[in-house]
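Novice: using only what follows, build the 3D model:
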Amino acid sequence: MKKENVFEHMEEFEHEEVLFLSDKDTHLRAIIAIHDTTLGPALGGVRIWPYKDEKTVLLEALRLSRSMTYMGAISGADFGGAKAVLWGERQDKNEAYLRAFGRFIHGLGGRFIAYAGLGTDEFDMGQIARETEYVLVTRDENGKVLDSAKLAAYGLYWGMKACNNCLFGIDSLKNKVFAIQGVGEVGSQLVEYLIKEGAHLVITDINYDAIKKIQDNYPEVEAVKPREIYGIKCDFFSPCAISGVITEKTIEKLKCKIIAGSADCMLKDCSVELAEELHKRGILFAPDFAIGGGELVVAAVQSVAMSKSSMFESARRIYNIMGMIFELAKKEKTIPFKAAIKIANERIEKIAKIKRIQRH
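Specialist: Alright, predicted model coming up:
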């Protein structure tokens, strides 16, 4: 990749900093993109994926980190946005690999704070934390680590209720049909919440073991091949894995009424045009950076030790956040995606203005 292209992309997405990291001994190759630190240190998930080339890794990091800025802003958290993308396979992870990455994070002096993302989990964060304090770990009042995926899924679940209310005037998801793409850390937790409410589920995943685990616990859940999930006739299509799954081609296959999931930047290239196309087709699209922010909503209010029940109660605020987005979209006759970006940007601009005041 030509060096000047990196700066062009940074200017396009309005980034503050992009770091390319490499460690020969552990075969670590990673990019950390820091988008905006107006609200505070840049928080970002750590994902690992076998991207086809360096340019794809860079663009993924840039898009996802900008989305994290929006997520932090709309959730009310004092975090900016960033993303760490590890270029490799999940099996590449080991103690040395993760601790090497942790040392790079520590070298940033707190500008970047990591948490678990696609392909990583709380155990991985624990390995990274052996080399740096700059890792977000959610703990209850007793100091016990809480699985962040459960908070994200619970927030998503309540966000879905808000979507259902917006479209059908009722919170209950009983008898609603859900097509869930990806039943990993967040998707599997979401399945549990929806089953308890009496929803009907169709799932898919590239990992057969993940599907089997779900069906062993819930035999009534139907599974389909990954390419078939888009065409399932359903109320909710819920992408909970990789980004960029809503494209010009996949839109043609969709038979859903609502799109709501935990996947980051599920619109290809985070395209506003695709969001508008969904709206034209009568499909309600829940902005992923809003509905997927359950853990950040908890972080926004966790100034003191909180009980487990209080954390989940806080994650329910996603319902109110989504309601605020839908209300603004209706008021300004725009799509929820644009309304959510406006809310996020307005908070960032207001906080930027007050930060000119010196604290003594």
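Novice: so where's the stretch 51-200 of the chain uncertain?
Specialist: In the predicted model, the stretch 51-200 of the chain carries pLDDT under 70 at residues 140-142, 145-146.
Novice: helices of that one, residue ranges please.
Specialist: 54-75, 95-106, 122-128, 148-168, 185-197 (DSSP state H, counting those that start in this stretch).
Novice: can you pull up the most central residue in the protein?
Specialist: In the chain, the residue lying closest to the centroid (C-alpha atoms, centre = their mean) is residue 264, at 4.2 Å.
Novice: my guess is that one contacts residue 291. True?
Specialist: No - using C-beta atoms under 8 Å, residue 264 makes no contact with residue 291, being 11.3 Å away. C-beta: built from backbone N, CA, C; applies to glycine.
Novice: picking that back up, got CSV for the helices of the stretch 51-200 of the chain, with mean neighbour count too?
Specialist: Compiled in CSV, these are given as follows (neighbours: other C-beta atoms under 10 Å):
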stretch, mean neighbour count
helix 54-75, 25
helix 95-106, 20
helix 122-128, 19
helix 148-168, 24
helix 185-197, 21
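Novice: quick check: which of those is nearest to residue 281?
Specialist: Shortest distance between residue 281 and those, using C-beta to C-beta, is found for helix 148-168: 13.5 Å.
Novice: quick check: angle from the closest one to helix 54-75?
Specialist: Here the directions of helix 148-168 and helix 54-75 differ by 70 degrees (axes from the mean of the first three to the mean of the last three C-alpha atoms, to 10 degrees).
Novice: re the thing from before, who's in contact with the residue nearest to the centre of the chain?
Specialist: Contact partners of residue 264, counting by C-beta atoms under 8 Å, 6 or more residues apart in numbering, are 45, 64, 67-68, 117-118, 243, 288-289, 292.
Novice: looks to me like residue 32 is in a strand.
Specialist: Yes - per DSSP: H, G, I helix; E, B strand; the rest coil, residue 32 lies within a strand segment.
Novice: who touches it in this structure?
Specialist: Contacts of residue 32 (C-beta under 8 Å, 6+ apart): 18-19, 21, 44, 61, 82-85, 104-105, 108, 112.
Novice: which non-adjacent residue is nearest residue 213?
Specialist: Closest residue in space to residue 213, ignoring its immediate chain neighbours: residue 188 at 7.1 Å, by C-beta to C-beta, 6 or more residues apart in numbering.
Novice: distance of that neighbour relative to residue 235?
Specialist: 20 Å (C-beta to C-beta, to the nearest Å).
Novice: and residue 93, by the same measure?
Specialist: 36 Å.
Novice: check which helices and strands the helix or strand hosting residue 213 is in contact with.
Specialist: Remark: residue 213 resides in helix 208-217, with elements defined by DSSP states H and E. Judged by 3 or more C-beta pairs under 8 Å, 6 or more residues apart in numbering; DSSP states H and E, helix 208-217 is in contact with helix 185-197, strand 200-204, strand 222-223.
Novice: what does it contact?
Specialist: 183-184, 188, 191, 203-205, 221, 223.
Novice: then it to PDB, C-alphas only?
Specialist: Output in PDB follows, covering the C-alpha atoms of helix 208-217 (Å, rounded to 0.1, in the frame of the first residue of the first chain):
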ATOM      1  CA  TYR A 208     -20.700 -26.100  13.400                       C
ATOM      2  CA  ASP A 209     -19.800 -26.600  17.100                       C
ATOM      3  CA  ALA A 210     -21.500 -23.300  17.900                       C
ATOM      4  CA  ILE A 211     -24.700 -24.400  16.200                       C
ATOM      5  CA  LYS A 212     -24.600 -27.900  17.800                       C
ATOM      6  CA  LYS A 213     -24.200 -26.400  21.300                       C
ATOM      7  CA  ILE A 214     -27.400 -24.300  20.700                       C
ATOM      8  CA  GLN A 215     -29.400 -27.200  19.400                       C
ATOM      9  CA  ASP A 216     -28.300 -29.500  22.100                       C
ATOM     10  CA  ASN A 217     -29.800 -27.100  24.600                       C
END
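Novice: mind listing what's buried along it?
Specialist: Buried residues in helix 208-217, defined by neighbour count with 16 or more other C-beta atoms under 10 Å: 210-211, 214.
Novice: how near is the nearest residue to residue 328 once chain neighbours are set aside to residue 258?
Specialist: The shortest distance from residue 328 to any residue other than its chain neighbours is 4.3 Å, reached at residue 339 (C-beta to C-beta, 6+ apart). Using C-beta to C-beta, residue 339 is found at 16 Å from residue 258.
Novice: got it, and residue 179?
Specialist: Distance, residue 179 to residue 258, using C-beta to C-beta: 11 Å.
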